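K.L.:
Sequence and computational prediction follow.
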Amino acid sequence: MKSRKFGSLDWQVSEISLGCWAMGADWGDVSDENAKDILKTSFDNGVNFFDTADVYGDGRSEKFVGEFINSTSERIYVATKAGRRIFPHEAQGYYDKDLMESFVDRSLKNLNVDTIDLLQMHCPPTEVYSHDLTYEMLDDLVTKGKIQHYGFSVQTVEEAIACIQRPHTKSVQIIFNMFRLKPAEEFFNLAKDKGVAIIVRVPLASGLLTGKMNSNSTFPENDHRNYNINGDAFDVGETFSGVDFNTALKVVDELKSITPEGFSLSQLALKWILMHDAVSVIIPGAKNSDQALNNISASSLPDISNLMKQIENIYATYLKDEIHPRW
């Protein structure tokens with residue numbers, strides 16, 4: 001596993017790491033045994049960065065991560081998120097120091113740690129990224145030692161650009177994949193210049209970029225790819241990257257036609273992201289250890305510089321007009 005520097009921090013993190021949403025909830029059923037196996041398999045194969053959130057299974061994911069990191073003396077970096085438990089989900093909740101501290105205290109207990117390596121605001125309302133009170137609240141948590149650093153999980157490039165204007169923002173987590181190219185246009189260079197780490201989520205477009213789905217694919221009732229297909233539960237961009245399913249299948253066919261020998265489509269998708277040097281870490285999820293291993297193996301695959309323009313052209317042909325203006 002290759003590592004990358006995490007923005008301005010002295011962390012060296014595995015360039016392909018682990019997103020822990022699936023082991024919490026919203027992706028169908030993942031057993032306790034599978035969740036524990038995913039974490040161990042990932043760690044045994046060089047992963048040293050786990051990304052989770054307090055709402056993934058209402059703490060279930062954090063507890064699995066906490067149990068694992070406390071089973072080893074090796075350094076593992078843990079990023080969690082807070083804010084989506086605010087109800088109703090309004091900006092004012094992010095400015096409430098006592099409320100946000102209570103969320104952090106709960107995460108500290110779930111993770112069984114004294115301090116959180118990286119706390120991310122979890123896709124708050126847009127005005128939160130630019131409000132002084134947001135940063136006062138976060139700086140207060142750092143001063144108290146409950147968190148070491150903070151960053152933001154965002155929906156749009158505009159939100160990402162807003163939060164990196166603040167000096168203590170250490171990371172931005174953003175959707176970036178072969179269906180969502182906009183972040184690379186301007187934001188990546190701005191973040192790199194400011195020493196802000198970029199965490200890429202939804203790298204496989206909720207599984208579409210595995211190439212294993214077709215027009216007859218169905219999903220369990222408790223899977224967001226069922227209940228959030230139209231954005232009924234949260235931003236539709238989190239599900240299949242907001243791309244129309246049938247259009248996406250056409251794009252997948254085009255991508256399959258240029259996938260090099262020795263690559264799966266999912267490995268091509270991950271390697272394509274790694275070709276962008278502003279990216280600090282990718283956090284694909286997994287529902288079992290085989291999926292985790294397949295993702296991890298993309299780190300060691302050959303350079304695909306010769307395919308970058310072709311992939312950009314496929315995006316421009318099928319998706320850019322619809323997707324580019326939205327996020």
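P.N.:
Cool, got the structure.

K.L.:
pretty sure residue 210 contacts residue 264?
P.N.:
Yes: between residue 210 and residue 264 there is a contact under CB atoms under 8 Å: 7.5 Å. All C-beta spots, glycine's among them, are computed from the backbone N, C-alpha and C.

K.L.:
Which residue ranges of this protein form strands?
P.N.:
Secondary structure of the chain, counting by DSSP state E: strands at 3-5, 12-14, 18-19, 49-51, 77-82, 116-122, 147-153, 169-175, 197-201, 281-282.

K.L.:
Show me what the last one is packed against.
P.N.:
So the one you mean is strand 281-282. strand 197-201, helix 265-274 (3 or more CB pairs under 8 Å, 6 or more residues apart in numbering; DSSP states H and E).

K.L.:
quick one: contacts of stretch 50-69?
P.N.:
Residues outside stretch 50-69 that contact it (CB atoms under 8 Å, 6 or more residues apart in numbering): 17-21, 23-26, 32, 35-36, 39-40, 42-43, 76-82, 84-85, 103, 106-107, 110-113, 122, 173, 199, 201, 283.

K.L.:
Give me the buried subset of these.
P.N.:
Taking 16 or more other CB atoms under 10 Å as the criterion, what is buried in the contacts of stretch 50-69 is 17-21, 23-26, 35-36, 39, 42-43, 76-82, 84-85, 103, 106-107, 110-111, 113, 122, 173, 199, 201, 283.

K.L.:
what about the nearest residue to residue 95 once chain neighbours are set aside, how many neighbours?
P.N.:
Distance criterion CB to CB, 6 or more residues apart in numbering; nearest residue to residue 95, sequence neighbours excluded, is residue 133 at 3.8 Å. Number of residues near residue 133 (other CB atoms under 10 Å) recorded here: 14.

K.L.:
do residue 177 as well
P.N.:
So residue 177, with other CB under 10 Å, has 25 neighbours.

K.L.:
beta partners for it?
P.N.:
Judged by DSSP bridges, the bridge partners of residue 177 are residue 180.

K.L.:
Was I right to think it contacts residue 269?
P.N.:
Yes: at 6.2 Å, residue 177 counts as touching residue 269 under the criterion of CB under 8 Å.

K.L.:
any shared contact partners between these two?
P.N.:
With CB under 8 Å, 6+ apart, residue 177 and residue 269 have common neighbours 203, 204, 205, 209.

K.L.:
Does the last one touch residue 265 like I think?
P.N.:
It stands for residue 209. Yes: applying CB under 8 Å, one finds residue 209 in contact with residue 265, separated by 6.1 Å.

K.L.:
And the helices in the stretch 1-150 of the chain, which stretches?
P.N.:
32-44, 60-69, 97-111, 132-143 (DSSP state H, counting those that start in this stretch).

K.L.:
now residue 235: how far from residue 84?
P.N.:
According to CB to CB, to the nearest Å, residue 235 and residue 84 sit 11 Å apart.

K.L.:
Between those two, which contacts overlap?
P.N.:
residue 123.

K.L.:
Looking at strand pairing, list the partners for the most centrally placed residue in the chain.
P.N.:
The centroid of the chain falls nearest to residue 201 when counting by CA atoms, centre = their mean (2.6 Å). Note on residue 201: beta-bridge partners by DSSP bridges are residue 175.

K.L.:
Provide a list of residues in contact with it.
P.N.:
Contacts of residue 201 (CB under 8 Å, 6+ apart): 19, 51, 153, 173, 174, 175, 283.

K.L.:
Tell me who's in contact with the closest residue to the last one other than its chain neighbours.
P.N.:
The one in question is residue 283. Nearest non-adjacent residue to residue 283, counting by CB to CB, 6+ apart: residue 19, 3.7 Å away. By CB under 8 Å, 6+ apart, the contact set of residue 19 is 51, 201, 283, 284, 285.

K.L.:
check contacts around residue 6.
P.N.:
Counting by CB under 8 Å, 6+ apart, residue 6 touches 12, 13, 49, 77, 170, 171, 197, 280, 281.
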